[in-house]
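Engineer: build me a model:
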Amino acid sequence: MVAINRKKFVFIFSILFLFSFSYFPSCSYANTSPNKLYQSAKENFYSLKSSEKKQSIKSNWNKCIKKFLSVYQQFPNSNLAGDALFTAGSLYHDSYKRFRQRLDLDFAIKYYKIVVENHSKSRLADDALSRIGEIQFSYLKQYSKAHNSYTRVIREFPNGDMYNPALKKISALSAFFKPVSPKREKLTKVTEIRHFSSPEATRIVIELENKIQFKEQRLKNPERIYVDLFNASIDKNLKENPIEINNGFIKKIRASHNNINIVRVVIDINKFNGFKVSSLNNPFRIILDIEGKPLNKTILGTAPNISDSNVTIVIDPGHGGKDQGARGVNNLKEKDVVLDISLKLKKIIEKKLGYKVILTRNKDIFIKLKKRTAIANKNEADIFISIHANASRHKSASGIETYYLDFAKSNQALETAARENKTPLSEIRDDVQYILADLVANTKMNESSQLAGIIQSNLIKGIRKNYQNVKNLRAKGGPFYVLYGANMPSILVETSFISNPMEGKRLRSVRYRERIAHYILDGIEKYLKEIRVAL
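Structural biologist: As a prediction, this is how the structure comes out:
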């Protein structure tokens, strides 16, 4: 009797053991790797897809789906989990096409969604979201949901291979569904598109009201580059008036709404070597640096035409209008001091050298930083000089320094740039420093550093003839917005510290301002003579 009971016990235990393996796959696959499990599922998949007979039986589809789902259930954090879920969704999707069971579509969407939400870094995440849109569009006729799905593809996966197909699907949806227009205040406006060109390179700047997401891409036949700006709007004037460049490698820039809330800026190109896209803040702007096919000259920077009758110099009195700049003792304002120095410099250049001189402002008005070099570029200037008065939290700080566009190699240079740019110091470090690596290749840094060195040297030697304790803070590089985009040698002169009691008193003096102007003039003359010798 005991022996019989023991046999019954062994039999029942065996049944329970086998039962547990059937209903709890985590036990049966305890010693299985995700690769082996996925490989087994793939073999079943190929077996199913290669046999029309097997495909005609619904249970075969369910069995194959179950194998892929077991990969996800056993190893949810595996790098194969996303692929397995996507394949499960795809099998449900294909099963619906054959058996027309609505539940298959629901399961397909379910597993595609898990891929999108839990495995967004997967290479198939954008495909999964696009498949959801396809089911909603083609089978469920849920046009609003389909539009949302395709819009998410564009917004969340701008660099994925489903980006352009999603755009086409949204266009096709317009025949069935008209989405509610987004509220105007939620769209970021494109405020300006401008460009700066040299024979070998062009910089295109797209300026916007606020920071947005964007995507760039190159297309061929015909050759062009485009940038899509998400949740953006564009002024009618910018949309209807393409910007003609025709500099040999770029034809024009055109912009329009590619979608109700996507602005596409297209650059039509002949031939070019390459391009880089970056962005800056305050205001937010997208920058495209496009390198053209080199001409005979091998260096981007070329010497200006320095015949006496054909030199143009642009002088930029810093700040102005609502931007008062730094303040000194007895409410001395930087904007007033530098305007007076600039007016004096213009007068003596025209009188002594006979060059054409243009001021970015000749009165107390506000001009945006980007407009200042634009004036120089428009007038094809040979030199751009921005005049400023320095300031520091430490009243003992003093001296004269001259800047050209480059990396800031000291904290003092960073602080000065932050003040002149009206930008937080942290942002200067985060944004400007890294992008200057690209800027340097497209600016006349060598000529600018040479010009800065000569003018700094002349200022120090000259001012020391008449004044004591004049510190030489030297010529140096710094990330100054006002120098961005200049097509000519460009510098920023910090004449003295308006915040220093002694130097502030000097800056208040008409005589001191005249001497500053005079020694800057000497530096300009020496610089141009050195270029003549070099030629």
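
Engineer: can you find the helix or strand of this protein with the lowest average pLDDT?
Structural biologist: Lowest by mean pLDDT, DSSP states H and E among the helices and strands of the chain is helix 25-28, with a mean of 39.

Engineer: now do the buried residues in the helix or strand that it is followed by.
Structural biologist: As assigned by DSSP states H and E, the chain's next helix or strand after helix 25-28 is helix 34-49. By neighbour count on 16 or more other Cβ atoms under 10 Å, the buried set for helix 34-49 is Pro34, Leu37, Tyr38, Ser40, Ala41, Lys42, Asn44, Phe45, Leu48. Where C-beta positions appear, they are placed from N, C-alpha and C, glycine not excepted.

Engineer: any low-confidence regions in the protein?
Structural biologist: Scanning the chain with the threshold set as pLDDT under 70 gives 1-31, 180-185, 198-199, 293-309, 407-414, 417-445, 531-535.

Engineer: any idea how far the longest helix seen in it is from the chain center?
Structural biologist: Counting residues, the longest helix found in the chain (DSSP state H) is helix 510-534. Computed by Cα atoms, centre = their mean, to the nearest Å, the chain-centroid distance of helix 510-534 equals 38 Å.

Engineer: mind listing residues that contact that helix?
Structural biologist: Helix 510-534 is contacted by residues 303-304, 306, 311, 313, 337, 340-342, 344-345, 348-349, 352-353, 383, 385, 387, 450-451, 454-459, 461-463, 466-467, 489, 493, 495-496, 506-507 when judged by Cβ atoms under 8 Å, 6 or more residues apart in numbering.

Engineer: so which of those residues sit within helices?
Structural biologist: Using DSSP H, the contacts of helix 510-534 in helices are 337, 340-342, 344-345, 348-349, 352, 450-451, 454-459, 461-463, 466, 506-507.

Engineer: of the buried residues of helix 34-49, just say which sits nearest to Lys110.
Structural biologist: Taking Cβ to Cβ as the measure, Lys110 lies nearest Ala41 of the buried residues of helix 34-49, at 18.1 Å.

Engineer: what sits closest to the closest one if chain neighbours are left out?
Structural biologist: Using Cβ to Cβ, 6 or more residues apart in numbering and skipping residues adjacent in sequence, the residue nearest Ala41 is Lys67, 3.9 Å away.

Engineer: how many neighbouring residues does the one you found have?
Structural biologist: Burial measure for Lys67: 21 neighbouring residues, criterion other Cβ atoms under 10 Å.

Engineer: now it: which helix or strand?
Structural biologist: Using DSSP H and E, Lys67 sits within helix 58-74.

Engineer: roughly how far does Ser90 sit from Gly477?
Structural biologist: Remark: distance between Ser90 and Gly477 (Cβ to Cβ, to the nearest Å) = 55 Å.

Engineer: which helix or strand lies directly C-terminal to the helix or strand hosting Gly274?
Structural biologist: Gly274 belongs to strand 272-280 when assigned by DSSP H and E. Counting by DSSP H and E, the next helix or strand C-terminal to strand 272-280 is strand 285-292.

Engineer: for that following strand, C-alpha coordinates in PDB please.
Structural biologist: Only the C-alpha atoms of strand 285-292 are listed here, as PDB (Å, rounded to 0.1, in the frame of the first residue of the first chain):
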ATOM      1  CA  ARG A 285      19.600  81.200 -33.400                       C
ATOM      2  CA  ILE A 286      20.600  78.300 -35.700                       C
ATOM      3  CA  ILE A 287      23.900  78.700 -37.500                       C
ATOM      4  CA  LEU A 288      24.800  76.900 -40.800                       C
ATOM      5  CA  ASP A 289      28.400  77.200 -41.900                       C
ATOM      6  CA  ILE A 290      28.700  76.100 -45.500                       C
ATOM      7  CA  GLU A 291      32.100  75.600 -47.100                       C
ATOM      8  CA  GLY A 292      32.200  76.200 -50.800                       C
END
